[in-house]
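In: build me a model:
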Amino acid sequence: MTRSRHNLARGLAAFVATCSLFLLGVLPSASASPVGTLTTEQESQIRDGLEAYGVGQDVQDSLISKIIAGETWDSLAGAEPVAVEQRLIRGELVTLSTYADGSITASGVERATPVDPGSIRPFDVSRCTSRQSGQVRIKTGCNVWASTVLITMSFEADYNQTFSASDPVWVTAGSIVAVRYANASTLAGTYSVRNFGRTQINATASSPAKARLTLDVQAVGGGAATTVWLQLNVPTNTYSLGYSSIN
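Out: Okay, the predicted model is just below:
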């Protein structure tokens with residue numbers, strides 16, 4: 001199937017701005033794409049990302065046109081989603097939000113592999129593990145991630161939840177022990193890190209424990225600058241486990 005994308009950026013070098021930040025959250029700004037255009041590689045990657053979440057061809061065309069026109073996708077403009085659903089993708093519960101213009105956000109927390117207390121983790125077990133100590137469930141090395149397709153963010157977290165002795169699925173306490181290895185990548189724009197770390201170590205009745213990675217983003221084509229964050233939430237007084245959110 002022939003797509004108009006093959007003529008959008010002929011003669012321009014392919015560009016994908018990708019950087020990583022680590023323990024202290026130090027992330028350099030990404031380099032800019034040519035204003036108002038996309039390379040063939042960029043457009044292909046954007047379309048592939050949208051297609052992976054079920055976004056159809058017509059909506060892809062519309063979203064690509066918005067980038068070239070210097071317009072910001074609703075998912076990055078602070079709009080409210082028109083639909084929110086959860087899907088099981090490769091064994092992981094993913095929250096997928098869809099916006100009026102067809103753009104999406106997806107987020108999730110890696111499912112932990114149970115490991116017996118005191119055991120040595122086998123090589124074939126995921127880095128993300130869960131151990132039980134009394135009523136406390138200790139999760140270590142779990143990937144927290146989110147994507148708007150244009151922007152992808154992730155970090156690794158250790159967090160604990162305590163469960164009731166009389167109701168083993170009711171959470172009575174939650175805390176975030178550590179976060180590290182944050183990463184970010186962007187297509188068709190620039191970004192810089194604003195901050196990364198725990199913003200609330202222990203959960204309360206009214207607020208979960210939180211850790212957040214925040215980026216300042218400028219879209220290609222002069223689209224409005226925006227701030228995007230990925231957050232791990234570890235609640236208490238609930239039946240909910242740790243979950244991620246993006247805004």
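In: now the strands for the chain?
Out: Along the chain, counting by DSSP state E, strands occupy 17-20, 83-89, 92-98, 104-109, 113-114, 129-133, 136-147, 151-163, 171-186, 189-200, 209-219, 226-234, 243-246.
In: each with direction, which strands does the fourth one pair with?
Out: Yep, that's strand 104-109 we're talking about. strand 92-98 (antiparallel), strand 136-147 (antiparallel) (DSSP bridges).
In: same question, the shortest one
Out: Using DSSP bridges, strand 113-114 pairs in its sheet with strand 129-133 (parallel).
In: on that earlier part again, what's the closest of the strands of the chain to Glu51?
Out: Comparing these against Glu51 with CB to CB, the closest turns out to be strand 104-109 (11.1 Å). Glycine gets a C-beta too; all of them are placed from N, C-alpha and C.
In: alpha carbons only: can I get that closest one in PDB?
Out: Below are the C-alpha coordinates for strand 104-109, written out as PDB (Å, rounded to 0.1, in the frame of the first residue of the first chain):
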ATOM      1  CA  ILE A 104      -3.700   7.700  22.600                       C
ATOM      2  CA  THR A 105      -1.700   7.200  25.800                       C
ATOM      3  CA  ALA A 106      -0.800   3.800  27.200                       C
ATOM      4  CA  SER A 107       0.700   3.000  30.600                       C
ATOM      5  CA  GLY A 108       1.500   0.100  32.800                       C
ATOM      6  CA  VAL A 109       3.500  -1.500  35.600                       C
END
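In: what angle sits between it and strand 226-234?
Out: On the basis of axes from the mean of the first three to the mean of the last three CA atoms, to 10 degrees, strand 104-109 is oriented at 30 degrees to strand 226-234.
In: what about Val169, distance to Thr98?
Out: From Val169 across to Thr98, the span is 30 Å (CB to CB, to the nearest Å).
In: more neighbours: the two, which one.
Out: Per other CB atoms under 10 Å, whichever of Val169 and Thr98 has more neighbours is Thr98, with 21 against 10.
In: pull out the buried positions in stretch 163-182.
Out: Buried residues in stretch 163-182, counted by 16 or more other CB atoms under 10 Å: 163, 171-177, 179, 182.
In: so Thr113 sits right up against Lys139, yeah?
Out: No - at 9.9 Å, Thr113 does not count as touching Lys139 under the criterion of CB atoms under 8 Å.
In: okay, these two: which has more neighbours?
Out: For Thr113 versus Lys139, the count of surrounding residues by other CB under 10 Å is larger for Lys139: 23 against 17.
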